[in-house]
Each structure stands twice: as C-alpha cells, then as structure tokens.
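can you look at this prediction? I've put the sequence above it.
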Amino acid sequence: MNQQLLTSLSEQYASTNHWAVLWPEIALALLAVLVLLVDLFTGKVKALAVPLVAIVGQIAVLFALLFKASCEFEGSGVLFSGMILPSNLSEVMRIFFVLASILVSWLGMVYLKKQYLPRMEFYCLTLLVTAAMMLLAQSANFVMLFVALETVTIGFYVLVSYGRNSAFSLEGGLKYLVLGGTSTAILLFGIVLLYGIGGNPNLPAHTTDSLNFAALEGFLAANADNFIAKIGVVLVICGICFKIGAVPFQIWIPDVYQGAPTPVTAFLAVSSKAAGFIVLINLVMGPFAPMKELTVPLLSAIAVVTILFGNLTAIGQRNVKRVIGLSGVAHAGYLLLGVVALCKGIELGAWAIIFYLFTYLFGSFAVFGVMAQVAGVDDENQDVDHYIDLARRQPFLAGVLAIGLGSLAGIPPLAGFIGKVFLFIVAFQAELYTLLGAAITGVVISIYYYFGWIREAYYKPQSWPTDKPVQPMQVCVGHKVALAALAIVTVLLGFYQGAFGSGF
Amino acid sequence: MNPLELLATILLIPLASAAIICLFLRRGGYAAAAVSVVAAFGIMCLSFYFLFNWDGLAVTGALPWLELGDYKFELGFLFNYEAATMLAVVAFIGFWIHVFSVGYMDDDKDKGRFFGGLSIFMFSMLGIVLADNLFMIFIFWELVGFSSYMLIAHYWDKDFAAAASKKAFIVNRIGDFGFLVGIAWAYHYYGTANISEITAIIQVDPSKTVTGIGLLLMCGFVGKSAQFPLQVWLTDAMAGPTPVSALIHAATMVAAGIYFMVRIFFLLTPETLEWIMWSGAIMTSFAGFCALGQNDIKKSLAYSTLAHLGYMATAIGLGFPGLAIMHMAMHACFKATLFLCSGSLIHACHHEQDMFKMGGLAKKMPITFIAFFVATLSICAVPFTAGYYSKDTIIASAWGLFAHGDGTQYAWAFGLTMLGALLTALYMGRMLFVVFFGQPNSEKASHAKESSLWMTLPLIVLGWGLSLGAGWFVYDWIWAGGAMDAMLPTDVAHFMVNGFSEAAPGWKGAHHIYEEAHAPWVEWLSYGCIAGGLIFCWFFYGRGPSADRLQTKAPGLYHVFERHGWFDNIYDAYVAKVQQPFANFISLLDVAVIGGLLVRGSAAVAGLVGMVSRSLHVGNIHAYVFWFLAGVVLFSAFALGLL
C-alpha cells in the first residue's frame, strides 16, 4: 500500500521536478553556503575573501545566465507540479536580480568598511534573498509565491536592521517587521479567500487546485462578479502594493529607507520593488486577467495618487535616502502605467516595465554608489547639504551622480528618458490619457528635487565660512571603475536599446 | 564589410576621435593632435578604398538605430556622384589640413580643444555628405554649425573672436529656421523626408515640385554658404585659426550649402533656380569689389570665397548641378591652398594679417610662394589649371544659354560672372604682388622664415599638385583606367572631354573652347580679363607697397568696398531699433507672467501640498498600521462599487 502510494506520488508529482531548470537559484544558495565556509576557514583575510567570493561567484552566475539564457526554455511548461513556470520575462528578471545583487554586494563592501559589523551574514542573506526573488518571478502557484515572498521578506527583516549600532536601523527594522507582517497577513487573507471560493463546488468552473494560477484564471473568468473573489483579488493587490510602495501602502518607505544601511536601501529600492512588479505582471497577465473590470480602474487610481504623492512629498526632504525613497514611490507609480496598459491588453507593457526597471537599476545604483562613498559613519544621516561643492572635492563622483539623477529624472539622452518614453508609449496605446497627464506632471515636479540635489553638488557655493579646508575625497580605482561602468551604461542605453528597442 | 558598414565606419571614426579627445585628452597637446590626425588619415584611406571600389551606382540603405514598433529611426545613407566628389574633397583636403594644423597650432595651449573640434567637424560634415534624409541632414547641418561656432571662438579670450562666433551662429540660425520650416513642409507634402523617395515621387509626377519648399530649403543654403542676404558672417568668421578658415570656411562647410542644393536639385522649380542664379551671379562681382577693400589677407580671401560660392550658385541656377559640384571641388583645392598659404605667412610673420605690413616674402618663403602663385593662377582660371575647368565653363555656360535663346537673364549672369572673373584677377593680383614682391614693410615680415615641414608638405600637395592639376581628373586616361572617375561628376567630365556635340542631355547651351566654338570671343574675353587684371595690378599697386594705392587715391571708393555695402550697419540698426524693444517686451512677459505667476505660483502650490503630505509621515508605527487598514478598506470599498 505504502509502496503503491509512493510510486503514484512520484509518478504524479515528482515527474515534473526538473531541478536543472532551477540551477541559478541552487547556485546562489550553494554560494551562500560557500560564503559561510569561507568565513569560517580564511582567518585574517576574510574581510577581503568573503565579499570577493560572493561577488565573483555571482558574476559567474550572471555570465552563465547571460549565455545560457536562450537554451533554457525547451522544457517549458508546467514544472514542479505547477509551482514553477519559467517564461521569457522571468528569464530576464533572473538576470536583473543577479545584477542587482552583485551591485548590492559591492555597495556592502563600501558600507561595511566604515562600520564595526559582521560581514559574512550580509552577503549570505543577500544571496538567499536574491535566490528567493528569482523563484518569486517564476512562481505559478500561490503557495510557491507566498513561500518565496516570505523568504524575501524575512531576509529583509534582518538586513534592514543590520546596522545594529544605529538606533535608526533598529527602528527601521522594527517598522519593517510590523508593517511587513501586516501586509503579509493581508496578502495571505486574500490568497485564502481565493482558495476557498475557487474550491466552492456550488460555483461554475470551480477547481480543486484553486491556488494554481492557470486554474484560478479559469475560475475567475467564470465568476468575475463574485463578491469574495473580488475581495480576495483586492487583498492580494494590497499585499503587493506594500512591496512596490504604492499609496497608501508606501507609508513605511521613508523611515525604513532612512534607517536601513545604504546597500540595503538600494536592495529594497531596486530588487524588492522589481520583485513586486514581476509578481504583479504575472498576476495581471495570468489569474487576474479576467478581472480587468476591477483591476484597471483600481490600479489607475493607485498610479495617479502614487505618482503625485511620491513626487510632492519628495520636494521638501533634505535627507537623500528619504528623497530616493519617495522618488522611488513615484517611480512605482510610473511603472503602474505599464501594468495598467498590460491589464488592457497591451502586451508590450511588460517589456516596457522591464526596460524601465533596468534603467532604474543602473541609475539608482549609480546614485547609491555615490551615496555610499559620500556617507560618513552615520549611515542614516545623509543630507543634501553633504553634497555641497562635491563637484570640486570629487568631480568624478559628482559626474556619476549627475548622470544617475539625470537618468532617474528622465533627461534625454540618458537611459531613464527612453525608459519613460517606452512606458508612455504603451500607456498611450492603451489610451490612458489621464494617467499620462499625471505622469508628466510628476516628471516635471521630480526634476525640481533631482536637480536641487545636482545643484548642491555643482553650483551652490558654501554659504558659511568653513573651519576646516575642503578635503578632497579618495575613491579607490575599483569603485571608480564600477561607478563609471554604471554611468556609461546609463548613457549608452539612452542611445541604443538593443533587443529591447527591437522588441517594441 | 559591406558598403553601408564601411560608410558608417568612415562616419564614426571622427566621432570616436572627438570622444577620446573630449574625455581623456582635453589638455593633451600633441597627443590630441595625433589622435585627430590619425583619425583623419583613417577617414582618407577608407574613403578612397571605398571610392576606388565603387561601381558608380548609387548606394542607398540604412542601419537600424532605434525601432519602436512600426516606427524606425534609421541611420540612412545615400551615396551617389555628388556624394562621391564631396567625400573625396572632405577626406583628402580634410586630412592635409589636419596635418597643416599640427604645424600651425604648435604654439597654442589648447590643442586638445582645437583638434577635438576638428574631429567633431569632420564627423558632422561627413554626416551631411552621406545622409539620405532631410532630418538627418538637418541634424548634421546644426552640428557643423556648432563645430564652426566652437572653432571660430578658439581664441575665446579675444572679444572679436567671441563676437564673430556668436554672429556666425545667429546668422546661420536665421537661415536654418527657413530650412527647418522647409523640411517640415516637404515632409508634410511628400509624406517622407527621404531624398530618394522624394526623387521617385517627382519622377513620377514632375508637377509635384513646389516653389515654396524649394525657396525655404534654399534658406539653409543661403545661411550656410553665406549668400545674400546672410553673407555678413563669413568675413568675421576669419577670427578663427587659419586652418579652420581653410577647412570650414572655404573648402567644405560653406560648400555644404551648394552640395545640399545639388542633392535636392530635382525639387527646385525654374523660379527658384532663377533666384539662385541671380543671387549667385550678383555675389560673384559684389564680393569681388569688397575683396579689393580689405587689408587683412584672410578677409580678402573670405570675400573671394563668397564670390566663388556665387559661381557655384550660378551654376546651379543655370541648371548644371554637376558643374557646381565640380567647381566646389576645384575651389576646395585652390582656396584651401590660398588659406593655408596665408596661414603659413601669418605664422611666419607672428600673427600679422595686414598684407601691407608683409611684402617681399617670395624669397624668404619660396615653397609658400610657389603654392600661392599656382593657386592664384588656378583661381583666376588660367588655362589648364584646376579653376579653369570649372570656372570658365560656368561663365561660358551662361553665355551658351543666352545664345541658345533661353532668355536675357542669362546674358546678365554672363556679364556679372565675367566681371567677377576680372575682379578675381584684380584682388588676387593685388594680394600676390603686395605680399610676395618688393621689400618687407614691417619688422615681423623681415624676420619671416619658411614654415616647418608640417605646413609646407600640405602646401606642396594641395598647392603645387591639386591647385594645378585637379582638373585633369576629367581626362580619365591619366587616372588608372577610369578608376578615379568618381572624383568628378561624370556628366561634366564627359562634356569637358568630348565637347558640345557629344555632351550629355541637358548640356544644350554650354560653350567651351574644345567644342566647335560658336563664340570664341567668350574664351578670349576671359583670357583678356585674367591678363589685364594681373597686369593692371602689377602697375597700379606696385611691388610690395606699404599702403593701398586705391585707399590713398580714391578713399571714397575704397570706403565703399571696405564697408561692403553697409549690410552690417543696416542689420545692427534693425536689431537695435526693432528686435531689441520686442525682445524686452517678451522678457517682461516672461518675468511677470511665466516666471512670476506660472512657475513661482505652481512651485508654491506643489511645495505646500508637499509640506502637508510630508507631515503625514509621523514616524509612529500605530499610525502606519492604520494607513494599511484604511487602504484595505478603501480598496475593498472600491472593489464592491461603493466608491
């Protein structure tokens, strides 16, 4: 009997377990273990060896992904009994997450050099969180989605409060824990409602596997007006809004971004937001597609409010981490334009979002890279005033900062401009004129605070006499190369979009 | 490498050079010069490799740049006979002027900026030569304008250089405004901005040419080639370094206007052509008179450039675009030589530019003298020198059209261009005898020495070689079995060699010495003008005088020439009396309404809202959780249709 059960189980469920498909996630997890071991056995050189192993390992994974990316889809279809569904999008997002993770590790090096903190755990957690994000991008079942999402979130609870010598970091960690827990509860409640209603045998097209995206889509298509289903969908969207930082679930962002160590802030701003968006894309293209009567107006309203709220609130901020956080809220709003267009059936919306995410990655990391260099020991205390005269103290950093911020603001010919153009094109195709108006208003407002920052670095003379002479800052060559690469990619993507351009 | 990629490589080499200089070698001195010269050498080699392998058929095509669904931005190329000639001119003369610049700029501190500027110029000029649509041409058109602006103001700390660059830029913008409107109209009317496609449309239906479009597009030519009424900027532009004057303001950029008119020749209606002919023909003699009123050697040469651009315009107006291109090429050879010679003189005389402070330099600078002498013969169109082949043909063609009975306006064109030829002999003879003969008239000139090899080698190549023999390209027996036919427009070469009776269609009225002459006196009159002008100068101005005899004998007349028709004063008055008050009014509107009400007002509103929304972040975790709950309630209410 038991034997029979085992056989049937393995035939039914294990037959689709192609572990080779998940090699990048497994590689990252193994790399995390390797980092642990390196930390144990290297002794004195561990300060150098740990980040080196982490970064080199991830670069190897990145290259393997880049060159193997095309031959990965042969076995596409349902994997792991419907838990995992790789797609072109998720393939690109894997590259995105590894790239972001490499850059976070690099920022971590800069940050940890200034702090008395353990080093190994940072890289270890970054790797695991990244692996979980990659799984998240491919999940095709709410169980998988929830598990991956929680892995990400729990990793972040630790990372946000990583600077344990700083009250701000601990406070930020606590806030993220409580609010993250709340949002998880909301999300889980939404999933449970969908599970319950989808399995209700009294309804048409009910299913026994209502957590599966495909099955749920079939159910929702037949029951688009169901009360419980609607509530479930809305609650799931609420949970994701927390991840992407859309109003009104953006309220945690300034405090947590300020408190978190700069590399973690970057990680939250780029990877975590991108993870939220890939989940949202998968949902609105998959199970929630029949609900577009509900999702289109809801997400449109969220987008307008998010864009305006993020930009207006960012205006008066002096702390640059808060500025970046609130501007990130606005960027989430722009990206929602693409999601709404996607809901309305503009397939290109997904690629516009992903291209925008890439430009956002390069621009943001250029800015965060400069922030990590400029920041003192008090990581949470980074004011716009600290950038006064940066162009004279360290013209290279000021140049990278200007390019990064210019790209975030969407100034031609930088990458951010083309990213916004792509998003606005799909929004235009989807006839979202109100949203376009709000987005353009938002962009105009955003130029004020982005350029205010650049102005401090370039034009503003110090208004009070300095006691100490201006000391030129030292940036080592390796960091310079990385920053220069980010700036150059930001410029080049503005001129040539390669496959993304032709995808349009 | 296919032809398109080769052309793209030629186009991108100078851009790469400019980028390298701009990023790494701004204070690089000779390193920057080396990068720029090597780039120019690369352009020359690849261009000639391309030209030798070219089969004479038009090359068209596009490299994709940005694709947005159905809409594509493309880097389009159109390579045909006028592009071939222009490419040869830009690549070859450009390279030698780069070489000359190394010697000329040896005492300059800002070599990086100068050579970077030259590379940007080469990039933008090649872009104009190769582009296949009006939009791309316009972009590169503005880029040459920018590089010209940058290089005229090379000596930016001198007020006159800064003012001259500004003037050149602004005057060109006036022309470019018309140009841009013309492009927009053409795009609207034909539905495409691609030159080949518009050509096809007009071939199907010749009535689709529009005089308005032609005249508007002509505005770009009028600005860039400094034709009436926008001719005022070119002489001031001589404030830039002399190699720049040679390359940009004599050989290539100013001829880009002519080149563009040839490219869109099919678009021009007879009315447009007649306008171009009149403006060109008048310019040939008007600028010739002005050249007589200048003591500055470069300014005098600049007026000569104006006059010769007038010849090219006349050729277009007569309906012979190939002839205009040919004269552009010949003019590029001898005028570049003349400017380079003047550069060599100026460099030797420690930046003295007044001809009447030079004198007696033939013995001190023999290589420069020979080059200048050959180029003088060439520009005066002495038989079998380069200028003879193109310039004399233009004059004869004007007479030919009249004799053929096409209208009296061609007789006027003939008269004006013939007068221009006489004036050419006069101002060139004046320059030659004043500068090179007699005795030195200043301390600086008496210490002059022949320039270094960097400068004399280009003079030998361009002066001794091309100013003399560039016209011989028409005889394909000299040039490797016709492999070099691309150097000159084939219809012109065919006509030159085979004469009237076998000339290609369209050459109905052209007369020349080699054909069974209907009016041999045209040729003899031309020779008489050359000889008479030179001999007159020999006796009137004398050898190496220290003052202009015309100025002392007839100061009134000289003053008229010197002020070149008071155009500058008229324009200045217009700007001061009309434009400035209007601009002040607009400025007031800007400050009060736009700046005060709209900008400050909206900023205040945004700041106020921001202050409120910022105060929502109270930092209290309970409050934040309530935000979440409110969000859930709000969204659910929305989902249920309660909102």
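Yep, it's here. These numbers come from a predicted model, not from an experiment.

list the contacts of residue A:103.
Neighbouring residues of residue A:103 by CB atoms under 8 Å, 6 or more residues apart in numbering or on different chains: A:266, A:361, A:365, A:369, A:482, A:486. All C-beta atoms are positioned from the backbone trio N, CA, C, and that covers glycine.

okay, and which of those residues map to helices?
For those, membership in helices holds for A:266, A:361, A:365, A:369, A:482, A:486, with DSSP state H as the criterion.

and the last one, how far from chain B?
As defined by CB to the nearest CB, to the nearest Å, residue A:486 lies at a distance of 16 Å from chain B.

helix or strand for residue B:336, which one?
helix B:321-348 (DSSP states H and E).

centre of the chain to that helix, how far?
Centroid displacement of helix B:321-348 relative to its chain, using CA atoms, centre = their mean, to the nearest Å, is 12 Å.

how about it: buried residues?
B:321-348 (16 or more other CB atoms under 10 Å in any protein chain shown).

burial measure for residue 42, as a count.
No chain was given, so I picked chain A. Taking other CB atoms under 10 Å in any protein chain shown as the criterion, the count of residues near residue A:42 is 16.

ah, no, chain B please
As a burial measure, residue B:42 scores 18 neighbours (other CB under 10 Å).

roughly how far apart are it and chain A?
Distance, residue B:42 to chain A, by CB to the nearest CB: 22 Å.

do residue B:184 as well
Distance, residue B:184 to chain A, using CB to the nearest CB: 21 Å.

does that residue fall in a helix, a strand, or a coil region?
Assigned by DSSP: H, G, I helix; E, B strand; the rest coil, the conformation of residue B:184 is helix.

give me the low-pLDDT residue ranges for the chain?
With no chain named, the answer covers chain A. Residue ranges of chain A with pLDDT under 70: A:1, A:9, A:12-14, A:69-77, A:460-472, A:498-504.

my question was about chain B
Ranges of chain B meeting pLDDT under 70: B:65-73, B:474-519.

domain ranges for it?
Domains of chain B are assigned by automatic domain parsing as B:292-297+B:311-554, B:570-639.

distance from the chain centre to the last one, please.
What that stands for is domain B:570-639. Distance of domain B:570-639 from its chain centroid, counting by CA atoms, centre = their mean, is 45 Å.

ok so, going back, quick check: what element follows the helix holding residue B:336 along the chain?
helix B:361-364.

out of the ones in helices among the contacts of residue A:103, who's the most crowded?
residue A:266 (30 neighbours).

hang on, isn't that residue packed against residue A:365?
Yes - contact between residue A:266 and residue A:365 holds when scored by CB atoms under 8 Å: they sit 6.3 Å apart.

mutual contacts of those two, please.
A:103, A:107.

next, count neighbours for residue 21.
This is for chain A. 19.

could you do chain B instead?
So residue B:21, with other CB under 10 Å, has 27 neighbours.

which non-adjacent residue is nearest it?
Nearest non-adjacent residue to residue B:21, counting by CB to CB, 6 or more residues apart in numbering or on different chains: residue B:116, 3.8 Å away.

using CSV, write down the CA coordinates of the helix or strand harbouring the one you found.
Assigned by DSSP H and E, residue B:116 belongs to helix B:111-130. Output of helix B:111-130 as CSV, limited to C-alpha atoms (Å, rounded to 0.1, in the frame of the first residue of the first chain):
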residue,chain,number,x,y,z
LYS,B,111,45.5,71.9,-28.8
GLY,B,112,43.0,69.4,-27.3
ARG,B,113,40.0,71.7,-27.8
PHE,B,114,41.1,72.6,-31.3
PHE,B,115,41.7,69.1,-32.6
GLY,B,116,38.6,67.8,-30.8
GLY,B,117,36.7,70.5,-32.6
LEU,B,118,38.2,69.5,-35.9
SER,B,119,37.2,65.9,-35.3
ILE,B,120,33.6,66.9,-34.5
PHE,B,121,33.6,68.9,-37.6
MET,B,122,34.7,66.0,-39.7
PHE,B,123,32.0,63.9,-38.2
SER,B,124,29.3,66.4,-38.9
MET,B,125,30.5,67.2,-42.3
LEU,B,126,30.7,63.5,-43.3
GLY,B,127,27.2,63.2,-41.9
ILE,B,128,25.9,65.8,-44.3
VAL,B,129,27.6,64.2,-47.2
LEU,B,130,26.2,60.7,-46.5
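
next one: it to chain centre, how far?
That offset, for helix B:111-130, works out to 13 Å (CA atoms, centre = their mean).

so which bits of chain B are right by chain A?
B:64-69, B:603, B:606-607, B:609-611, B:613-614, B:616-617, B:619, B:621, B:623-625, B:627-628, B:630-632, B:634-636, B:638-640 (CB under 8 Å from any CB of the partner chain).

could you pull out the buried residues of the helix or strand hosting residue B:421?
Here residue B:421, judged by DSSP H and E, is contained in helix B:408-436. Buried positions in helix B:408-436, judged by neighbour count with 16+ other CB under 10 Å: B:409-410, B:412-436.

same deal with stretch A:140-148?
For stretch A:140-148, by 16+ other CB under 10 Å, it's A:140-142, A:144-148.

hmm, back to that, so which of the residues of chain B next to chain A are in helices?
Judged by DSSP H, the residues of chain B next to chain A include B:603, B:606-607, B:609-611, B:613-614, B:621, B:623-625, B:627-628, B:630-632, B:634-636, B:638-639 as members of helices.

list buried residues within these.
Judged by 16+ other CB under 10 Å, buried ones among those: B:606, B:609-610, B:613-614, B:621, B:624-625, B:627-628, B:631-632, B:634-636, B:638-639.

centre of the chain to the helix or strand that contains residue A:308, how far?
Per DSSP H and E, residue A:308 falls inside helix A:292-315. The chain centre lies 18 Å from the centre of helix A:292-315; the measure is CA atoms, centre = their mean.

show me what whichever helix or strand comes after it is packed up against.
On the C-terminal side of helix A:292-315, the nearest following helix or strand under DSSP H and E is helix A:320-343. Under the contact criterion of 3 or more CB pairs under 8 Å, 6 or more residues apart in numbering or on different chains; DSSP states H and E, helix A:320-343 touches helix A:227-244, helix A:253-259, helix A:262-267, helix A:273-285, helix A:292-315, helix A:348-374, helix A:415-429, helix A:433-458.

what about 6 Å?
Here helix A:320-343 touches helix A:253-259, helix A:273-285, helix A:292-315, helix A:348-374, helix A:415-429, helix A:433-458, going by 3 or more CB pairs under 6 Å, 6 or more residues apart in numbering or on different chains; DSSP states H and E.

closest one to chain B among these?
helix A:292-315 (4.0 Å; CB to the nearest CB).

dump the helix or strand where residue B:314 lies to PDB, restricted to CA.
Here residue B:314 sits within helix B:297-318, counting by DSSP H and E. The C-alpha coordinates for helix B:297-318 follow below in PDB (Å, rounded to 0.1, in the frame of the first residue of the first chain):
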ATOM      1  CA  ILE B 297      44.700  88.900 -46.100                       C
ATOM      2  CA  LYS B 298      42.200  86.400 -44.700                       C
ATOM      3  CA  LYS B 299      39.200  88.800 -45.000                       C
ATOM      4  CA  SER B 300      40.100  89.500 -48.600                       C
ATOM      5  CA  LEU B 301      40.300  85.700 -49.200                       C
ATOM      6  CA  ALA B 302      36.900  85.300 -47.400                       C
ATOM      7  CA  TYR B 303      35.300  87.700 -49.900                       C
ATOM      8  CA  SER B 304      36.900  85.700 -52.700                       C
ATOM      9  CA  THR B 305      35.200  82.600 -51.200                       C
ATOM     10  CA  LEU B 306      31.900  84.400 -51.200                       C
ATOM     11  CA  ALA B 307      32.400  85.200 -54.900                       C
ATOM     12  CA  HIS B 308      33.200  81.600 -55.800                       C
ATOM     13  CA  LEU B 309      30.300  80.300 -53.800                       C
ATOM     14  CA  GLY B 310      28.400  82.700 -56.000                       C
ATOM     15  CA  TYR B 311      29.800  80.900 -59.100                       C
ATOM     16  CA  MET B 312      28.700  77.600 -57.800                       C
ATOM     17  CA  ALA B 313      25.200  79.000 -57.100                       C
ATOM     18  CA  THR B 314      25.200  80.500 -60.600                       C
ATOM     19  CA  ALA B 315      26.000  77.000 -62.000                       C
ATOM     20  CA  ILE B 316      23.000  75.600 -60.100                       C
ATOM     21  CA  GLY B 317      20.800  78.400 -61.200                       C
ATOM     22  CA  LEU B 318      21.800  77.700 -64.800                       C
END
